[in-house]
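Student: what shape does this take:
(one chain, ligands or ions: 1)
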Amino acid sequence: MGEQSPTATSSDKARAARSLSAPEIRDRKRRDGHPPLAMVTAYDAPSARVVSEAGADLILVGDSVAMVVLGYDNTLQITVDDMAHHVAAVARANPQCHVVADMPWMSYHVNESETVHNAAKLIRAGAQSVKLEGGRRRLRMIERLIAAEIPVLGHIGLTPQSLHTMGGYKVQARHAEAARKLVQAAKALAHAGCYALVLECVPGPVAAVVTESVDVPTIGIGAGGDCDGQVLVYHDLLGIEKRVTPKFVRNYADLDTAAIAGVRGFVDDVRSGNFPSQEESYSMTPEQFDALGLS
Ligand code: KIV
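Tutor: The predicted structure is shown next:
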């Protein structure tokens, strides 16, 4: 609590003025004639610049950073301070997107006071709202955050922080009873004040029912085409992360192959003496060189 947190810069204010606010996102139901929301993860200034210039509505500084950037096997190792570090880097790029920060595992599970202080660190680092995983059992914390003026994006369905209790990363709500519970959870979260809901890895028809049942937008990932928006992980959609490719990922580029080819070109040119050229080197006048007195 007493630790220093990375703080937002003055440019955050300008960004916040141009990006969608949480209340504006809350109004973006497709059934009211709005186009689908596009959300992409970003974890640092260069990825935030790319996502912003591509015109996305929201940037999610996801705890997926643990896996796609920091090399962990799951999202459970990352801390609030790690997340704040990445949120601040994204905010410094001044993206014209609403920036949502993921609350990591154990940052909103203990008590209300800790939950609010942890979320505040992420807001002070430059986020405009926070996302947390789980259904009805999170209601108390969600209400507390909203009472502290912190907008909350809910996340239900497959919740990766529940890896061990779910017994793996599995499609959720495939059976009628589980689907009914998911709809109830969505309604409860919307009623508690979440401005939108992420639906992860649930059958398309179930996501469609959830979307129809709530007045806030649903943003799907592996949840079919009827949600009010879609989200993908930056490294997945650009083909940077190829070790695991879930069914719902579409590669819009193959940056992994392009990056390896680029670095291999450099390595080959260094070894063959082809890099650097005269044009890539700095010169000094012959007079100054002679003045060294080495010849
Ligand atoms: O951390 C993340 O990237 C996420 C998305 C998969 C929604 O939570």
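Student: so residue 185 sits in a helix?
Tutor: Yes - under DSSP: H, G, I helix; E, B strand; the rest coil, residue 185 falls within a helix.
Student: got the contact list for the residue nearest to it when sequence neighbours are not counted?
Tutor: Spatial nearest neighbour of residue 185, excluding adjacent residues (CB to CB, 6 or more residues apart in numbering): residue 135 at 3.3 Å. The C-beta positions use only the backbone N, C-alpha and C, and glycine is treated the same way. Contact analysis of residue 135 by CB atoms under 8 Å, 6 or more residues apart in numbering lists 156, 181-182, 185, 188-189.
Student: mind redoing it with 7 Å?
Tutor: 156, 185, 189 (CB atoms under 7 Å, 6 or more residues apart in numbering).
Student: from those residues, pick the one nearest the ligand.
Tutor: Comparing the contacts of residue 135 against the ligand with CB to the nearest ligand atom picks out residue 156 as the nearest, at 11.0 Å.
Student: let me know the pLDDT of that closest one.
Tutor: Residue 156 carries a pLDDT value of 98.
Student: again with residue 187
Tutor: At residue 187, pLDDT is 98.
Student: same question, residue 16
Tutor: Per the predicted model, pLDDT is 56 at residue 16.
Student: need the contacts of residue 135 in JSON lines with distance to residue 117, can you?
Tutor: Listed next are the contacts of residue 135 as JSON lines, based on distance: CB to CB, whole Å:
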{"residue": "156", "distance to residue 117": "24"}
{"residue": "185", "distance to residue 117": "26"}
{"residue": "189", "distance to residue 117": "22"}
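Student: quick check: the closest residue to residue 247 other than its chain neighbours vs the ligand, distance?
Tutor: Distances taken as CB to CB, 6+ apart put residue 222 closest to residue 247, at 7.0 Å, once the chain neighbours are dropped. Remark: distance between residue 222 and the ligand (CB to the nearest ligand atom, to the nearest Å) = 9 Å.
Student: distance to the ligand and neighbour count added to the contacts of residue 135, as JSON lines?
Tutor: Converted to JSON lines, these look like this (distance: CB to the nearest ligand atom, whole Å; neighbours: other CB atoms under 10 Å):
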{"residue": "156", "distance to the ligand": "11", "neighbour count": "27"}
{"residue": "185", "distance to the ligand": "16", "neighbour count": "22"}
{"residue": "189", "distance to the ligand": "15", "neighbour count": "26"}
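Student: great, nothing more from me.
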